[in-house]
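Participant: Test case, fold it:
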Amino acid sequence: MSDCTDVVREEAVQQDHAQFAAPEASPRDGSESDVSTLLDQWQAAADALEQVHRSKCDEVARLRQALAEATIELAQRHRLADFSATVGRLAAGMKNSIQGIQQQLDLLRRRSSASEGAELLNKAAADVAAWEAAVDDLIHFSGECSPEAELLSLRELVDGARCALAPQLSHHAVHLLVDVPEEARAVGDQRLLQRAIVNVVLQALDRLPQGGEVVVAAAQGEQTLDVEVACGSDAPADQSGRTQSTAAGAAVLRWAVVRHILEQHGGEALAKANDRGGMSFVLRIPHEQDG
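Facilitator: Model (predicted):
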């Protein structure tokens, strides 16, 4: 009797457990979970693809802008090249005319005996020489090439400029003093830098109508070599006897040439009043780099 009761009680407990036990996961529940995971992964991939697409669109827009700017710059270079060629042809024609005028002035000077007439001829010859130098600059820069980078002796540059300016120095009764150390060095194009020094000295000569002294000095800094051309007078250029338009036009062109040459070399050209009441023209050019 007791055994039967125990069996019945055990069967009742098992039925209760079966009734309240958690239901087993069906295959359908597993499929829904896999689909949800797949959708999440698909959305993440779509978001990443959209981000890449936006990035590529921004890059394409940037490249299009760069291409447009490069096209504009190239067109400007072509126009400048055409303009430069035209200027070169005109300057060559002007030089031929100037040389003819110089020959006629020399002939008149030989035939003229009056001192007043000779003085006027000398002034005219000085004007023509100034314009010839300006035309030479135009011819040079119309066929301009990139400057060469070589180690140069500054003293040799200044001596070369002094030799080239010997007739003008004599005509203006100007003495050129050179205070440049033998060891001073600069990196750049020998022909261009010497032309810059010549033009700056000519700027100083324009301010010495009665003659005088021009000093060329050099100072070595940490990054640059400063070449200073100083004159002791700040007289305007037209006091030299030239017409104001002639002197001003030649001076403006010379200074533009100087600034352009220095910019090509990564330097700069400055003009300022000096301590002696005159003017100083400073050429700031790269010096010899260590190592």
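Participant: Tell me, how many residues neighbour Q104?
Facilitator: Neighbour count of Q104, defined by other CB atoms under 10 Å: 12. C-beta: built from backbone N, CA, C; applies to glycine.
Participant: From E132, how far off is it?
Facilitator: 14 Å (CB to CB, to the nearest Å).
Participant: K272 now?
Facilitator: 29 Å.
Participant: Show me which of these two is the more surrounded one.
Facilitator: E132 (17 against 10).
Participant: Isn't that one up against Q102?
Facilitator: Yes - the pair E132 / Q102 is scored as a contact, 7.5 Å apart, by CB atoms under 8 Å.
Participant: Quick check: which ranges of the chain have low pLDDT?
Facilitator: The model of the chain has pLDDT under 70 over residues 1-30, 80-81, 83-84, 87, 113-117, 130, 140-146, 233-249, 276-277, 287-291.
Participant: tell me how far the ends of stretch 173-184 are from each other?
Facilitator: One end of stretch 173-184 sits 28 Å from the other (CA to CA, to the nearest Å).
Participant: Flag every buried residue along it.
Facilitator: 174, 176, 180, 184 (16 or more other CB atoms under 10 Å).
Participant: what do you get for stretch 257-277?
Facilitator: Applying 16+ other CB under 10 Å to stretch 257-277 flags 257-259, 261-262, 264-265, 267, 269, 274 as buried.
Participant: Distance from the chain centre to the helix or strand where R254 lies, please.
Facilitator: Using DSSP states H and E, the element containing R254 is helix 244-264. Offset of helix 244-264 from its chain centre (CA atoms, centre = their mean, to the nearest Å): 17 Å.
Participant: Quick one: list the elements packing against it.
Facilitator: helix 115-142, helix 190-205, strand 268-273, strand 279-286 (3 or more CB pairs under 8 Å, 6 or more residues apart in numbering; DSSP states H and E).
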